[in-house]
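**Q** I need the structure of the sequence given here:
(chains A and B)
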Amino acid sequence: MTTDTIPGALALACRAVTPAAPRDAVAGVMPSWVASPASVEEASAVLRAAADHDLAVVPRGGGTKLGWGAPPRRCDVVIDMLRMDRVLEHAAGDLVARVQAGVTMAHLAGVLGGAGQQLALDVPETGGLARYGSPTVGGVLATGIAGPRRLRYGTPRDLVIGVTAIRADGAVTRSGGKVVKNVAGYDLGKLFAGSYGTLGLIVEAVFRLHPLPAATAFVTDDVYGAAAVAQAVAAAAGSDLAPSAVEIDRPARGGPVRVGVLLEGDPGGVAERAGQMRGTLGAGSVASRSEPPWWGAAPGGTGASPGGGGPGGRGQGGTLIRIAFWAAALCGVLEAIDAAAGAAGLDPAVAGSAAAGVLHASVRPDAPPGAVAAFLGGLREAMARGKPGAAAGEGPPTRGSAVVLDAPDDVREVVDLWGPVPGLDLMRAVKDQFDPGHLMSPGRFAGGI
Amino acid sequence: MNETLIPRMVEICGSSGVVSDPLELRTYECDGLTSHRAAPALAVLPETAEQVAAVVKACAAAKVPFVARGSGTGLSGGALPRTDGVLIVMSKMRRIIAIDPISQRAIVEPGVTNLAVSTAARPFGYFYAPDPSSQIVCSVGGNVAENSGGAHCLKHGFTVHHVTGLQIVTPAGELTWLGDGTGAAAGYDLLGAFTGSEGTLGIVTKIVVKLTRIPQAVTTLLAAFRTTGAGGAAVSAIIGAGIVPAAIEMMDALAIEAAEAAVNCQYPAGAGAVLIVELDGPEADVRRDSAAVRALCEEAGCGEIREAADPAERAIIWAGRKSAFAAVGRITVAYIVQDGVVPRTALPRVLDRIAELSAAAGIRVANVFHAGDGNLHPLVLYDDASPRECEAAETLSGAILDLCIEYGGSITGEHGVGVDKSRYMPKMFGADDLETMQLLRCAFDPAGLCNPGKVFPTPRLCGGCRACTAACIPWSPPGRRSSSDDH
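**A** Prediction:
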């Protein structure tokens, strides 16, 4: 079969199947066809046809994070979800919304905002070079990303209360439901969240919503040195002023680190708390009602952003690394980043949700791949060596990770994107059960899953 | 029971950690759901994660099913033993290993009680947010198995939102970690899928939990209404105004009457329903929200409203609510605790329908529930000496679950499926949905030895499961009720 002959089964399954164009490449791998199902039934038929003909598939939403993860081992069909773009139900009184996977976050925010509500994930709308499109609900769920307010609201797995997904064999399956409180059966929404399209195709999701805050305030300060940064972040996060986010932004090594705190709530109360938070952070800190320009954005503005990869799903914006750790290790992690980067001759920009223990480091696209590999290796080693703190030997053996989300092709070739992943054997067993033929985004995920 | 298994268990746990005397084993024959009873063939009480792993490995080698038990407070029979299996009692593993206030984490063993975590965290200014009513005795390991909620999960979330790392023993007897405590570990969120799996995917041996900052201010309001419908309207108005209280609880006239008789909680006389609204957070927000809640309750026709000014007054307001289940036991011979969920906005209609069903059946129903998240706990009152009432109560209890499904809700909000509701699972989920859940189970427990017979309807699924790689043992029906409980 050739790329210009669409297999009959695929054409029968879905009205909109076209030969793939170069822009449809997934992390450099060219698919043969793009199928754009308009309904759950069509999506199911596409997967059934793919299973029948041993075609590997990769789901795609807005395509903004299509470059994340390893290139697929095989990719015959890209399943484009943008035609499934309906908000199926917004039960405002129940603070719940049921949406199709192809709905963009921006569209959903508009619909919910009309009722004074939100899906509290504040995913960057595009960020960096993400000209490809706008992030979709399905893509956000599949990559598990969240912005600064993860400190208060968590990540997609914390807000998804029901999911409808199609298995590799075409079976349409549902778990969870439309009510927030529900413990009937396994919660497969958690499993699909952050699974990078390797377990099935997410077609619908139900989310818990939150009211939009009546007022917000940002308190920011410039701080020098890892220890002082860690102290400021711990003081903000440990206060009883209920911060919704505590972020840092460190554009370059040795320079000032911006520390920012978001407060949300009653207008009078927010103003009062902003004043108290200034007291906590110090006399140099500033309160403002508007978001600082660096808030939730790509570290250093290199184009590699937590919100989006490069066009065509290729990592053209440099290397983006997600660093997760226990918040008490912040000082050590910042020092480890500097030490590893210094040794590798790099100066990555660092930004992120310091109090929630998630930072992003961004290395320039022109950095030598060997230096990026050395930086990553040095960072992982230092984090593994780092003081585990109380109860050494009794807690989790690893208390953090450095995962490469996006990278130029030449960097991908020389680094281990995921690093050590606890529980990998069980993950492989889950993959084998859900997708025994390894047709769903094969090879994209940790451990070659 | 395999004859070689007992000496092996004694080797692992010591003779004081193995119970084989039939009389002593009866201690463990049920959990909080006393209508299902089955004494285990053997009970073991390991003290370390390594002992749990060795026990499970021995069971796996002997192909003997095993069930974990925490404090035994579960209300769906999730810890109901197998008469042909080993019960692994986790109550000796109750160390709080570490409190890390800066990371807002604690590491605990599974037998630690829920409240003990908050008690240990309090000096640092933190608490453990999920607060099931049984928190004084229930164990964190059991909370993980059931994904326990509580009155305050409306704002603060359930167990799954507060667990970031689990050391587990897999059904094959291997010790492994799910998650690394960060909440952002690489790979599949097996931790999230494991939480709430009711002991069917493995046994938890250590838990990393999130700690939550103790709020600046807390206030508790008690509002009395003529009817539950009016109370329900107030709930909708509060949520509609963009307020997310820490808790919104409701009790109807019968539940109030029972609580009054039991603890003299002095709720407003003649109320058809009371609403307890608790607000927490920054002082200014609590002040504003409290004023708004008062106004909304008054608009909804509230007769009287009280606000607790201090912890002692707050405790008095909560006393009635917290005593309700036990109190109802004083006004009836027997009752069934039901646990179902409906969308919050459907509450008034569903409560009316329950009242109709109750009247038609001639069976009283007391309603005590988490109104904020639509989680109903109808208590179905009956006389267990009357075969007619037993049957009518069972039927009514089931009809309430049908109502929950009809209104787009769930057959359980926090008590779990266990053995009690597995037969309702096909009403809520289709065959493909259940089969997909089985895929997860087969990935963890291909031999089907880990708490078999729970959650999923028996015996049709696992044996026929498409992708099950190993031979699944046939599941026998859930434990039979002992003769004294037969209706």
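**Q** how about low-confidence regions in the chain?
**A** Chain wasn't specified; assuming chain A. Counting by pLDDT under 70, the ranges of chain A that qualify are A:1-4, A:125-132, A:301-316, A:387-393.
**Q** actually, chain B is the one I wanted.
**A** In chain B, residues with pLDDT under 70: B:1-2, B:458-487.
**Q** mind redoing it with 90?
**A** By pLDDT under 90, the low-scoring segments of chain B are B:1-4, B:133, B:150, B:240, B:264-265, B:269-270, B:309, B:322-326, B:457-487.
**Q** show me which positions of the one helix or strand A:V46 maps to end up buried.
**A** A:V46 is part of helix A:40-52 when elements are defined by DSSP states H and E. Neighbour-count burial for helix A:40-52 flags A:V40, A:E42, A:A43, A:S44, A:A45, A:V46, A:L47, A:R48, A:A49, A:A50, A:A51 (criterion: 16 or more other C-beta atoms under 10 Å in any protein chain shown). To be clear about C-beta, it is placed using only N, CA and C from the backbone, and glycine gets the same treatment.
**Q** what packs against the next helix or strand after it?
**A** Next helix or strand after helix A:40-52 toward the C-terminus (DSSP H and E): strand A:57-60. Counting contacts by 3 or more C-beta pairs under 8 Å, 6 or more residues apart in numbering or on different chains; DSSP states H and E, strand A:57-60 is packed against helix A:40-52, strand A:77-80, helix A:137-143, strand A:201-208.
**Q** ok, which of those comes nearest A:A367?
**A** Comparing the helices and strands packed on strand A:57-60 by their distance to A:A367 (C-beta to C-beta), the top pick is helix A:137-143, with 23.7 Å.
**Q** would you pull up how far that closest one lies from the middle of the chain?
**A** 8 Å (C-alpha atoms, centre = their mean, to the nearest Å).
**Q** and residue 173, what does it touch?
**A** I went with chain A, as the question did not name one. Going by C-beta atoms under 8 Å, 6 or more residues apart in numbering or on different chains, A:T173 touches A:T164, A:A165, A:I166, A:R167, A:L188, A:G200, B:G430, B:D432, B:D433, B:E435, B:T436.
**Q** chain B is the one I meant
**A** Contacts were defined as C-beta under 8 Å, 6+ apart; by that measure B:G173 touches B:A53, B:A54, B:V55, B:V56, B:K57, B:A58, B:C59, B:A60.
**Q** where's the fourth one, which helix or strand?
**A** This means B:V56. helix B:49-62.
**Q** name the helices or strands packed onto that helix?
**A** helix B:5-13, strand B:66-69, strand B:86-89, strand B:163-169, strand B:175-178, strand B:203-210.
**Q** which parts of that helix are buried?
**A** B:A49, B:Q51, B:V52, B:A53, B:A54, B:V55, B:V56, B:K57, B:A58, B:C59, B:A60.
**Q** and the longest helix along chain A, anywhere near chain B?
**A** Using DSSP state H to define each element, chain A has its longest helix at helix A:369-385. No. If you take C-beta under 8 Å from any C-beta of the partner chain as the test, helix A:369-385 misses chain B, and the best it gets is 10.8 Å.
**Q** how about residues contacting that helix?
**A** Residues contacting helix A:369-385 (C-beta under 8 Å, 6+ apart): A:319, A:321, A:323, A:325, A:329, A:332-333, A:336-337, A:339-341, A:343-346, A:348, A:361, A:363, A:398, A:400-402, A:404, A:407-408, A:410-411, A:413-416, A:419-420.
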